[in-house]
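Trainee: Got a predicted structure here, sequence first:
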Amino acid sequence: MDNLPPAEPPGEPIIPMRTFSKHSFNCPFHRGIQIALLTAAVSTAALCSAQTKPAAANSEPDVLVLSNGDTLHGRFVSETAGKVTFHSEALGDISLSWDKIKELHATEQFGVLNQTVAVRGKRQHIQFPVGTIEVANQMVTVHPENGPASAPVPVKNAQYIMENATLDKEINHEPNFFAGWNGAATAGATLVSATSNQYTFTGAVNLIRAVPTVTWLDPRDKTILGFNEAYGKITQPAYSYPAPAPGTGLIAVPAAITTSSIFHLGAERDEYFSPRVYALAQTAFDHNYAQDLQLQQIYGGGFGWTVVKSPKQEFDLKGTIQYEKQQFVPGSGNVNQNLIGSTFAANYDLQLKRLALTQAVSFIPAYNHFSAYSASETDTVTFPAFKSLGFSLGTVDTYLNDAPFIGTATTPPTKPNSFQFTMGLTYAFKSKY
């Protein structure tokens, strides 16, 4: 029994090792194998050690105590106008009002903005307390990293509690003119090659730059740019055919080209003096070859009112006083004119998860020439497809009451109404400010 080998320690089996002679150890080939095995063993041991090393402890989670006594652990996200957003691993993002919350303890650095502080128009740099957050007895207390706690603020007055950098950027700064834009670009095309050749192109770009760039702050100003174009051409080649009477030769038919071109370019600047009322200045340029309208120019200003505003929809009414100049295609039978008029418009935007709807209706009367009025309606539905790409359907209907009606030997009488139906691929622009 004394000659028996010692028992293997539990969980650590003995691995038999091959013995090498002095000759084999001195062999360069065998020596390379041994070095490789030794390197692999050391690397494996280091990897196992790294994998078994305890991970660093996570930062302490935030704690939310509900009014019924339930406690949630996770991360406090923000509070906007009385709605608290809290992220829990089990429940995801949840939104609660202050009356549903008994206590809140947040360990990150947040800024608190009191609702009594004005954040609209020209102003001084706004200071607000920054630190960890504690809420108890319907009071918010901020604990700065260095310094005493701030005076408690009633939760009803804590209009915004947000990550400090975001709150400071949106309140005390604004993007430069080339940043902060949101919108979409749409394009569609058709090409036909047959007895006659035809192609059409439709495109649109609509951009909005609102400051601040977030919807949870009252707007200070807004810039709107819009352009849409529909252009098409049908080409009928020249040809000839035999004359009805024998021996009289051929009758030649010249080539014919039919062109359609409609475009609209508009810009608007809004300056808010209350959360829903604003002054505006606008300009617009319209061309419609089908209505013999060479160019219509509009320059005006007025006021707007946001009747309905929510995260999903917005409805605005606008009215302006403006100067308008109409120029018609030469030889169309109508004369150019200068008009004093207005634009009365209604705009509606609806943002849902699976579609976005935009509608714009306007009526443009002329006070010094009552028959020279016009109207338009634009409807666009966009269906998101993949990331920033989507598919859109749209209609554009315009009416020009003083369009020339006189027909000629080569052109038919002009209709005052023009209707377009478009479809295309849409790319959405999203601000990264």
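Mentor: Alright, I've got the coordinates.
Trainee: all contacts plus neighbour counts: C-alpha atoms, from now on.
Mentor: Fine.
Trainee: so what pLDDT did Gly394 get?
Mentor: We have a pLDDT of 94 for Gly394.
Trainee: Identify the bridge partners of it.
Mentor: Legend: beta-bridge partners of Gly394 under DSSP bridges are Thr380, Thr422.
Trainee: now swap in Val63 and tell me
Mentor: Here Val63, judged by DSSP bridges, has bridge partners His73, His105.
Trainee: Run a quick neighbour tally on it.
Mentor: The local packing of Val63 (other Cα atoms under 10 Å) involves 20 other residues.
Trainee: So Ala106 versus Asn114, what's the distance?
Mentor: Distance, Ala106 to Asn114, using Cα to Cα, to the nearest Å: 18 Å.
Trainee: Which one's more surrounded, those two?
Mentor: Ala106 (21 against 18).
Trainee: If I look at the more buried one, what pLDDT would I see?
Mentor: 93.
Trainee: Lys156 too?
Mentor: 88.
Trainee: Identify the residue nearest it in space, chain neighbours excluded?
Mentor: Excluding the flanking residues, the one nearest Lys156 by Cα to Cα, 6 or more residues apart in numbering is Gly82, at 6.8 Å.
Trainee: before we move on, what about Lys318?
Mentor: Lys318 sits nearest to Gly304 (Cα to Cα, 6+ apart), 4.3 Å away.
Trainee: mind listing what the one you found touches?
Mentor: 277-280, 316-319 (Cα atoms under 8 Å, 6 or more residues apart in numbering).
Trainee: what does the model give it for pLDDT?
Mentor: Taking Gly304 on its own, its pLDDT is 98.
Trainee: Distance check, it against Ala403.
Mentor: 30 Å.
Trainee: now swap in Pro61 and tell me
Mentor: Taking Cα to Cα, one finds Pro61 at 69 Å from Ala403.
Trainee: Looking at those two now, which is surrounded by more residues?
Mentor: A count of neighbours by other Cα under 10 Å puts Ala403 above the other of Pro61 and Ala403, at 22 against 16.
Trainee: average model confidence for stretch 334-348?
Mentor: On average, stretch 334-348 scores 93.
Trainee: just how off-centre is it within its chain?
Mentor: 30 Å (Cα atoms, centre = their mean, to the nearest Å).
Trainee: how about it: buried residues?
Mentor: 334, 339-348 (16 or more other Cα atoms under 10 Å).
Trainee: Now distance to Pro246 too, for the residues you listed, in CSV please.
Mentor: Converted to CSV, the buried residues of stretch 334-348 look like this (distance: Cα to Cα, whole Å):
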residue, distance to Pro246
Asn334, 46
Leu339, 60
Ile340, 63
Gly341, 63
Ser342, 64
Thr343, 63
Phe344, 65
Ala345, 64
Ala346, 66
Asn347, 66
Tyr348, 67
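Trainee: between those, which is closest to Ala90?
Mentor: Tyr348 (37.6 Å; Cα to Cα).
Trainee: what separates the closest one from Thr80, distance-wise?
Mentor: 25 Å.
Trainee: Check Gln420 too.
Mentor: Distance from Gln420 to Thr80, by Cα to Cα: 43 Å.
Trainee: Of the two, give the one with the bigger neighbour count.
Mentor: Applying other Cα under 10 Å to Gln420 and Thr80 shows that Thr80 carries more neighbours, namely 16 against 12.
Trainee: Output the below-cut-off pLDDT ranges for the stretch 251-400 of the chain.
Mentor: Of all residues in the stretch 251-400 of the chain, those with pLDDT under 70 make up the ranges 332-333.
Trainee: for it, what spans make up the strands?
Mentor: 256-272, 277-288, 293-309, 313-328, 337-351, 356-364, 374-386, 389-400 (DSSP state E, counting those that start in this stretch).
Trainee: For His73, find the nearest of those strands.
Mentor: Using Cα to Cα, the strands of the stretch 251-400 of the chain put strand 337-351 closest to His73, at 32.3 Å.
Trainee: what is the orientation angle of that closest one with strand 374-386?
Mentor: 30 degrees (axes from the mean of the first three to the mean of the last three Cα atoms, to 10 degrees).
Trainee: wait, Thr202 sits on Glu229?
Mentor: Yes. Using Cα atoms under 8 Å, Thr202 is in contact with Glu229, at 5.6 Å.
Trainee: With neighbour numbers in mind, choose between these two.
Mentor: Comparing Thr202 with Glu229 by other Cα under 10 Å, the one with more neighbours is Thr202, at 21 against 18.
Trainee: For the more buried one, list each beta-bridge partner.
Mentor: Beta-bridge partners of Thr202, as defined by DSSP bridges: Gly188, Ala230.
Trainee: Repeat that for the one 4 residues further on.
Mentor: In this structure, Asn206 has the following beta-bridge partners (DSSP bridges): Ala184, Gly226.
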